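Give me coordinates for this.
(chains A and B)
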Amino acid sequence: MKRAIRSELLKLRTARLPWGLLGLVVGLCAIHNILFDSNAGGTGHTSIPSLSTYAGQSQAVGVPGELLLISMVLGVIVASGEFRHRSATLTYLAIPGRATVLVAKMVAASTLGLVFGLVGSAVTTIVGLSSASSEGHHLLLSAATIFRFAAGASFGSALLAAVGVALGSIIRSQVGAIITVFVWGFVIEQMIGGVDNAAQRYLPDTAAAAMAGVKLGSATATLPFAVAASLVATVAITLSLVASSTTLKSDIT
Amino acid sequence: MAIIEIENLIKRFGSVVAVDDLSFSVSPGAITGFLGENGAGKTTTLRVLLGLVEPSHGRCTIDGLLYKSLADPLRRVGALLDASSFYPGRTARNHLRVLAASGDIEVRRVDEMLHVVGLEDAGDRRVGGFSLGMRQRLGIASALLGDPDTLILDEPTNGLDPDGVRWVRDLLRGFADEGRTILFSSHALSEVSQIVDNVVILHDGRKVADAPLDELTKGADIRSVIHVRTSKVDELLSAVLKDGANARVVATDRVDIVGSSPERVAVLAADRAIPIFESVTEVANLEEVFFRMTAAKREENLS
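You can find the predicted model right below:
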């Protein structure tokens, strides 16, 4: 298992796409929160609280929940990329145990997902605190709170990356799997939230966002950190079991 | 003792039978060519052997074990299956580093193998920009990375220039001379005939031949053709037919004879005062063997 994980981490380090996705996380977190901060508390934007408030500062330093989906996309690419580029042949020649490879990919993608969350949190924290400071507001968030948001975003991001690996193992078409991620995050979870506000918090992307201290869409309340983490981890494990018993057993032709 | 054993292998894809009750074995110290037309079932057989495809029936082992049961597969078996199975954005060196990490192989082997396959100057180039020949060399480097005792190569000379083909030939011969086991598939028969010691021929998923190359080309059913030029074609034809050989007139001054020898034809002609102006013996080669055997199988299937 150790060599499988080492190999998967090296694959990530030596490919360009993960670094491109990390750049996307940095760029989108910065743009999203700069736009958010510049509209906070303004007239006509009553849904965005002022940066002088605890709620406003919490949102200003939080990683936008939708961007956690990028980690899931990373996981999808890690898994389905092997089939897209037909490199699965060499991967399974080196490590014939397919479950071993799946777990190694989940660990590797989660590690990079953790980095995505940390970097995203660093960007949003710098942007949020700079905006609050430049407008002359006192900092109402404690260091512990900011750390909790960053840790939540990182763990949430890591778990979603693992979910992505499992999903990309089930849906081997990379484009199909990526579309599924965005349709799930932006359409299905929001639709379910629209129909039943209370149910949305039990959905994986919303739960991962809750770990980062962010409330998504129409969700009335967020799940506690441990419950949200357990829920997303359960989704990752369930999907990986489905992948192991279906597509991962199929022939590599 | 055979290293590779294919026993009663059957592989079906839906209603299509890709490999039909195939059995053969491969021994060390020799190069075994696995031949067949495109779609004959060669690649499927190799993929079953390497644990990538599940057999519908039968068993394929290396050193008595299923591939997935080998403790250090990259150190035991080097395989080249598909020269395009690389992540295009990764450099050749990094590709081999990843593989080395998977197989717990010393990193120094990466540069050694790049040197062996002649890619030392291209090691830091992304594989996506490689020609087919360069990818094939990288694939061979991947197969050799773990310094394995068994090589399983699917069409290793595809895309290689004549120098590259000769290089593969010399490489495989060197490996065989070291007592290693080599099984490689190809449909390029003229190239194969210069490399292999033993031949397994596959047609429509079924084995039609399994023998040393010499034995095959000298086999009773695969005979050399003697092209004879004479002014008395009818007399010569009659003489050789009476002698039990097969012959036919192919031109006003030429007879093709199968199933005899140039010496016997000369004696028959001398006894009857038939002048012979030219006698050329075309030795049956692997290509000839292959086409005759697959044609015979095709006819057998039609009847």
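
Point out where the stretch 101-250 of chain A drops to low pLDDT.
For the stretch 101-250 of chain A, applying pLDDT under 70 flags the ranges A:216-221.

Touching, residue B:168 and residue B:156? I think so.
Yes: using CB atoms under 8 Å, residue B:168 makes contact with residue B:156 at a distance of 5.4 Å. Heads up, the C-betas are built off the backbone N, CA and C, glycines and all.

higher neighbour count, those two?
residue B:156 (28 against 21; other CB atoms under 10 Å in any protein chain shown).

pLDDT value on the more buried one, please?
Looking at residue B:156, its pLDDT reads 86.

Equivalent analysis for residue B:287, please.
So residue B:287 comes in at 68 (pLDDT).

What residues does the stretch 51-200 of chain A have near chain B?
The stretch 51-200 of chain A comes close to chain B at residues A:81, A:85-97, as judged by CB under 8 Å from any CB of the partner chain.

circling back: find residues that contact each of residue B:168 and residue B:156.
residue B:140 (CB atoms under 8 Å, 6 or more residues apart in numbering or on different chains).

Okay, and which of the residues of the stretch 51-200 of chain A next to chain B map to helices?
A:81, A:88-94 (DSSP state H).

hmm, which two among these are most spread apart?
Farthest pair in those (CB to CB) is A:81 and A:93. Separation: 16.9 Å.

Looking at the two, which is more packed in?
residue A:93 (27 against 19).

how close does the more buried one sit to residue B:146?
Applying CB to CB, to the nearest Å, the value for residue A:93 to residue B:146 is 10 Å.

same deal with residue A:223?
From residue A:223 to residue B:146 the distance is 48 Å (CB to CB).

What are the buried residues along stretch B:235-254?
Using 16 or more other CB atoms under 10 Å in any protein chain shown as the test for burial, stretch B:235-254 gives B:235-237, B:239-240, B:245, B:247, B:254.

near chain A, which residues of the stretch 101-250 of chain B?
So far as CB under 8 Å from any CB goes, the stretch 101-250 of chain B lies against chain A at B:101-104, B:142.

Restrict the residues you listed to the buried ones and give me that as a PyMOL selection.
Provided next is the PyMOL selection string for whichever of those are buried by 16+ other CB under 10 Å:
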select buried, chain B and resi 101+102+103+142
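
Turn the residues of the stretch 101-250 of chain B next to chain A into TSV, columns for pLDDT.
Below are those laid out as TSV (pLDDT from 0 to 100):
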residue	pLDDT
B:101	92
B:102	91
B:103	87
B:104	87
B:142	93
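
All the strands of chain B, residue numbers only.
B:4-13, B:16-26, B:31-36, B:57-62, B:77-80, B:150-154, B:181-186, B:198-203, B:206-212, B:225-230, B:246-251, B:254-258, B:276-282 (DSSP state E).

Pairing partners for the first one, with directions?
In the sheet, strand B:4-13 lines up against strand B:16-26 (antiparallel), strand B:57-62 (antiparallel) (DSSP bridges).

Alpha carbons only: can I get the last one in PDB?
Okay, so that is strand B:57-62. Provided in PDB are the C-alpha atoms of strand B:57-62 (Å, rounded to 0.1, in the frame of the first residue of the first chain):
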ATOM      1  CA  HIS B  57     -12.400 -20.400 -18.700                       C
ATOM      2  CA  GLY B  58      -8.900 -21.700 -18.200                       C
ATOM      3  CA  ARG B  59      -5.800 -20.500 -16.500                       C
ATOM      4  CA  CYS B  60      -2.700 -18.500 -17.400                       C
ATOM      5  CA  THR B  61       0.300 -18.600 -15.100                       C
ATOM      6  CA  ILE B  62       3.800 -17.200 -14.900                       C
END
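
how much space between the spatially most central residue of chain A and residue B:94?
Centroid-nearest residue in chain A, with CA atoms, centre = their mean: residue A:68, separated by 2.8 Å. According to CB to CB, residue A:68 stands 29 Å off from residue B:94.

now do residue A:215
42 Å.

same deal with residue A:96?
Relative to residue B:94, and taking CB to CB, residue A:96 is found at 22 Å.

who has more neighbours, the two?
residue B:94 (21 against 18).

ok, now how distant is the closest residue to that one other than its chain neighbours from residue A:160?
For residue B:94, ignoring the flanking residues on the chain, the nearest one in space by CB to CB, 6 or more residues apart in numbering or on different chains is residue A:14 at 3.9 Å. Taken as CB to CB, the spacing of residue A:14 relative to residue A:160 amounts to 23 Å.

Which of those two has more residues huddled nearby?
residue A:160 (34 against 17).

Serialize the strands paired with strand B:4-13 to TSV and add fields for mean neighbour count and mean pLDDT.
TSV is the format used below for these (neighbours: other CB atoms under 10 Å in any protein chain shown; pLDDT from 0 to 100):
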stretch	mean neighbour count	mean pLDDT
strand B:16-26	19	90
strand B:57-62	18	93
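
Would you tell me which of those gets closest to residue B:87?
That would be strand B:57-62 among these, by CB to CB, at 26.8 Å.

Contacts for that closest one, please.
B:3-10, B:21-23, B:45, B:48-49, B:66-67, B:70, B:76-77, B:150.

If we use 6 Å, what do you get?
B:4-10, B:48-49, B:77 (CB atoms under 6 Å, 6 or more residues apart in numbering or on different chains).

How about residue A:107, nearest residue that isn't a chain neighbour?
Per CB to CB, 6+ apart, closest to residue A:107 is residue A:5, 5.1 Å.

and that neighbour, how many neighbours?
18.

State whether it is indeed within a strand.
No: going by DSSP: H, G, I helix; E, B strand; the rest coil, the assignment for residue A:5 is helix, not a strand.

so which two of the residues of the stretch 51-200 of chain A next to chain B are the farthest from each other?
A:85 and A:97 (20.8 Å).

Those two: which is more packed in?
More crowded of residue A:85 and residue A:97, by other CB under 10 Å: residue A:85, with 20 against 14.

Would you check that residue B:213 makes contact with residue B:199?
Yes: applying CB atoms under 6 Å, one finds residue B:213 in contact with residue B:199, separated by 5.3 Å.

between the two, who's got more neighbours?
Neighbour totals were compared for residue B:213 and residue B:199, and residue B:199 leads with 26 against 21 (other CB under 10 Å).

can you tell me how far the more buried one sits from residue A:161?
For residue B:199, the distance to residue A:161 - CB to CB - is 50 Å.

can I get the residues of the stretch 51-200 of chain A next to chain B in JSON lines with pLDDT?
Output for those, formatted as JSON lines (pLDDT from 0 to 100):
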{"residue": "A:81", "pLDDT": "86"}
{"residue": "A:85", "pLDDT": "85"}
{"residue": "A:86", "pLDDT": "85"}
{"residue": "A:87", "pLDDT": "87"}
{"residue": "A:88", "pLDDT": "87"}
{"residue": "A:89", "pLDDT": "89"}
{"residue": "A:90", "pLDDT": "89"}
{"residue": "A:91", "pLDDT": "91"}
{"residue": "A:92", "pLDDT": "91"}
{"residue": "A:93", "pLDDT": "92"}
{"residue": "A:94", "pLDDT": "92"}
{"residue": "A:95", "pLDDT": "92"}
{"residue": "A:96", "pLDDT": "91"}
{"residue": "A:97", "pLDDT": "87"}
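
For residue B:118, state which of those is nearest.
Using CB to CB, these come closest to residue B:118 at residue A:90, 20.4 Å.

What residue, apart from its backbone neighbours, is nearest that closest one spatially?
residue B:85 (5.8 Å).

mind listing what that neighbour touches?
So residue B:85 contacts A:86-87, A:89-90 (CB under 6 Å, 6+ apart).

State the distance from the residue nearest to residue B:27 when sequence neighbours are not counted to residue B:9.
Nearest residue to residue B:27, sequence neighbours excluded (CB to CB, 6+ apart): residue B:2, at 5.2 Å. If you measure residue B:2 against residue B:9 using CB to CB, the figure is 15 Å.
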